[in-house]
Each structure stands twice: as C-alpha cells, then as structure tokens.
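1. Structure, please.
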Amino acid sequence: MNVYLDYAATSPLTAQALSAMLPYLTETYGNPDSLHAGGRAAAYAVTRARDAVASVFGVSPAEVYFTSGGTEADNWAVRRLSCGKGICVSAVEHHAVLGACKLAEGEGMSVTTLPVEETGMVSVSRAKTLLNADMGLLCVMAVNNETGVLQPLGELAEAAHARGMVVFSDCVQAACTQDLKETAALCDALAVSAHKVGGPKGVGALIVKKGVRLSPLLAGGEQERGMRAGTLNVAGIVGFAEALTQAQAQRARFKAHTGALRARFEETVCAALGDEVRIDGREYRAENISHLTFYGAGSKTMLARLDLAGVCASGGAACAAHSGLPSHVLLAMGRSEREAERGVRFSFGMQTTEEEVCFAADAVISAARGA
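-> Residues are numbered from 1 along each chain as shown. Below you'll find the predicted structure:
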C-alpha cells in the first residue's frame, strides 16, 4: 500500500478545480489583457474568480491581487507594506517570510523577531513589550506549516494596530481549517496559495485592504491594476477560486475527518513508542497536521524508512527539505539542535482513509524501532 500523508506540502487537484480549469486550457485560451473576444472571455473568467476569492475573505474584489503562489505573496507583503519602517516577525514564520525579511534587512530595514513559547505560540506579553511605533509591519502566520500550531492572531493584531502598524498574515496553511473571513477581519493583508487547498500549483493571492499602502514588487506590465506585472494564469486562477471556495465550504467536514484520523494515528504511535516519541505543539493546533519528534532516529532516517514502506511524509516544510538544517521552528520552541533534527510532519486530507492511517501508524512504529 502507498499512503500519502504530506497534504501540508501539497494536495491533489480536486475534480471540481480541474473541471473549472479545462475550458481555459483548451478553447478559451486568450490573454486576458487582449482587446478581442478571446481576451474578453478570459478577462471575464478572471473577474468571476476574483469575485469568488473576495467573497471567501469577505473583502472587495479590488483588494485581491493574484500571484504565482504563496512565496510571491509573502515576499510582496514583507518588502512592500512596511512603509519604510521596521518589521516585526515571528520566529516560526515560513521561509518565504523570513527570507524576505533578510532581503529587507539588507536593504536597510530593521527587523525584530518575536519569540515563541514552548507551545510554538508567539508570546503575547513579550510581543507587547517589543512592538513600537517605529515598526511599520507585523508578520504572524495563522497556522504554522510545520507543527500546525495556531497563533493568537487576534491579540497580536490588536496590539500592533494600537501602535499604528500594518498586520500581515501568511494564511497558506490555514485555508482548509480556519474561517478566512474571521482571519481577514483581523488583518490588513493576507497571503494564500492554491495547491494547499486542492487547486493547481503556481497560483495564489495577496489580499490587501483598502487604505493600506502597497507598491509593486514586479515590474514590466500593467496587470493587476498596475500593481503586479505578468500575464495572468487564467486557468490556474479559475481553478484556485473553485478549490478555495470548496475548501472553505467543507471546512467543518475537513476538520472532523482529519482530526479523527490524526487522533487515531497519534494514539497508536504513542501507545507503542511511549517516551521515544513526542507530539509537538499539541496544545493548540490545526486538526490536519501531526508533527512528531522521534528520539531514536533522525528525520532523514525516518523518512527514508517510511518511503521504503510506502508512506509519504516530510521533515517539516517541503521547501526546506534539502537544506539539511535543523528545523528553525523547533529551535524557536526551545528544542535542542539534536531534537530539531528529529521531527517528522504527517498531514492528512479528505482523501485519507482509516485503513491508510492504520497502515502508516504501523510503518512509523517499525521505522522508529529500526525494523
């Protein structure tokens, strides 16, 4: 049996998204900026998709900017929303946000890092002492991509807004489990990606509320109201809107399904391995992610053994899988470097079955024991 438990890295394209995309991959292939009938048909499809995405977030269509994915949206927000002031960023952000902060720092911007507690949550009390009027932007993700830990976004946003700051949240990992309307109500800008919710790879969006100052990151064209150059990926945008709409509509069902499977998986693994395994960030996390630290084997060894057994998982963020470095998330949570090299992320989707979870749990137990 082959079992896929890496939905947090990417999810399969849904049948609804594929069906919505097909016409724009075949007969309706015009450039949406062209003035002829084919271009107008493509532009209309983008308009409908923009309306759908705006509805999901509870914002105006004029506040939705399509991008090539979450990484571009993160970089755009970090490097163009601070208004020349400092940036405050949580220590457990996605590498796209942290990397963009490093670029901003190299350009003369001051960057302050918000520490997290052992739970993986940003310390609200510590944040209130660090945030100040000299900072222009607060970056805090809604759901951590490695551990699934939910951040206290409401309290942090309130503290940042009281100091006149813009609040940006990477919601790439949040769209299947969190109410994006509620999250958007707390923030000034948000990023989301299609392929985490059953849409195609290579498309996402940056939501920026009216009144928030934004400047272009990419030059070379007048697309997206002159704010983001590049011919729009019409089919991808259509599939993205369909997948995101479906994911939000099915959120309660998704949480119940994945939460039950995760509980079964963790109970089985922990009962067999005892002190040889630890659940990371278990106090307050999204239902579809299980991050485990194995004290008897490193993550690379575990992943190799699991791959041979037919189980797909990851050692944290897929984008950093080849770095060979300890998890910056676990290090920020106070773990030792040795522990930070021993984490494995298992993530579940609507397609995951109980039979697959039982098979995977047995494979994990065997891999941890070196069998």
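2. And for stretch 70-83, what's in contact with it?
-> The set of residues external to stretch 70-83 that reach it, using CB atoms under 8 Å, 6 or more residues apart in numbering, is 65, 67, 87, 89, 94, 96-97, 99-101, 103-104, 107, 109, 136-137, 139, 166, 168, 170, 172, 188-189, 191-193, 196, 204-206, 208, 212-217, 228, 319. C-beta coordinates here come from the backbone N, C-alpha and C atoms, glycine included.
3. For this protein, just list every one of the helices.
-> 15-25, 37-57, 70-80, 95-106, 124-130, 153-162, 180-186, 223-226, 234-249, 251-273, 299-309, 328-332, 337-340, 354-368 (DSSP state H).
4. Just the buried positions in the fifth one, please.
-> Right, helix 124-130. The neighbour-count check on helix 124-130 (16 or more other CB atoms under 10 Å) flags 124, 127 as buried.
5. What lies in contact with the lowest-mean-pLDDT helix or strand in the chain?
-> In the chain, no helix or strand scores lower on mean pLDDT, DSSP states H and E than helix 223-226, which sits at a mean of 92. Under the contact criterion CB under 8 Å, 6+ apart, helix 223-226 has outside partners 33, 62, 65, 66, 216, 229, 230, 231, 232.
6. how's this structure carved up into domains?
-> 3-11+251-368, 15-249 (automatic domain parsing).
7. remind me which residues of the stretch 1-150 of the chain are low pLDDT?
-> Applying pLDDT under 70 to the stretch 1-150 of the chain picks out no residues at all.
8. Measure how buried the nearest residue to residue 220 once chain neighbours are set aside is and give me the count.
-> If the residues on either side of it in the chain are set aside, residue 220 comes closest to residue 229, at 3.9 Å by CB to CB, 6 or more residues apart in numbering. Neighbour count of residue 229, defined by other CB atoms under 10 Å: 14.
9. Would you quantify the distance from residue 229 to residue 210?
-> As judged by CB to CB, to the nearest Å, residue 229 and residue 210 stand 22 Å apart.
10. ok, residue 266 - contacts?
-> Here residue 266 is in contact with 279, 290, 292 (criterion: CB under 8 Å, 6+ apart).
11. can you pick the most crowded of the residues you listed?
-> That'd be residue 290 among these, by other CB under 10 Å, with 27 neighbours.
12. Return the set of residues that bridge with that one.
-> Using DSSP bridges, the bridge partners assigned to residue 290 are residue 346.
13. confidence score at it?
-> Predicted confidence (pLDDT) at residue 290: the value is 98.
14. try residue 221
-> At residue 221, pLDDT is 87.
15. And residue 371, by the same measure?
-> On pLDDT, residue 371 comes in at 65.
16. Ok, residue 351 next?
-> 97.
17. and the gap between the nearest residue to residue 8 once chain neighbours are set aside and residue 68?
-> Nearest residue to residue 8 in three dimensions, chain neighbours excluded: residue 347, at 3.6 Å (CB to CB, 6+ apart). Residue 347 sits at a distance of 23 Å from residue 68 (criterion: CB to CB).
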